[in-house]
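Participant: give me the fold of what follows.
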Amino acid sequence: QVQLVESGGGLVQPGGSLRLSCAASGWTLDNGAIGWFRQAPGKEREAVLCMSNRVGLSYYLDSVKGRFTISRDSAKNTVYLQMDSLKPEDTAVYFCATRNTYCSITYSLYLYWGQGTQVTVSS
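Facilitator: Okay, here's the model as predicted:
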């Protein structure tokens, strides 16, 4: 049984940082692609960025370039989303998801999903 578990969300002031974790069991995150998505209240889920062995990092939101990045700890089978210089518009539930091929902006193509973690950026 594949499980992805996100953690690390919370309340942060504008300009602050958070690091989200996505720990996998029953699936090796080194295989294929791992994407981060977010969904704000009343909005559709959107792709933020993705990492795959074939392509590296793929950014799907211009607004996070230079502020967000993904890293991976293969020994822990965990992927991290480092978010710096956070803005109120980054407030959303963040999800990690994985698929066994390349990165895609289309969330329905991802096989497995975490439960999501809330990120709130507010003063």
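Participant: what sits against K43?
Facilitator: With contact set as C-beta atoms under 8 Å, 6 or more residues apart in numbering, K43 has these partners: A92. All C-beta spots, glycine's among them, are computed from the backbone N, C-alpha and C.
Participant: where does it land on pLDDT?
Facilitator: K43 carries a pLDDT value of 95.
Participant: how much space separates it from T101?
Facilitator: Noted for K43: a distance of 27 Å to T101, by C-beta to C-beta, to the nearest Å.
Participant: with D73 instead?
Facilitator: D73 is 22 Å from T101, by C-beta to C-beta.
Participant: cool, N77 as well?
Facilitator: 19 Å.
Participant: neighbour count for the two, which is higher?
Facilitator: Higher neighbour count among N77 and T101: N77, with 16 against 12, using other C-beta atoms under 10 Å.
Participant: per-residue pLDDT, that one?
Facilitator: Reported pLDDT for N77: 94.
Participant: now do the same contact list for the closest residue to it other than its chain neighbours.
Facilitator: Computed as C-beta to C-beta, 6 or more residues apart in numbering, the closest residue to N77 that is not its neighbour in sequence is A24, at 5.0 Å. Contacts for A24 (C-beta under 8 Å, 6+ apart) come out as V2, Q3, L4, V5, N77, T78, V79, T98.
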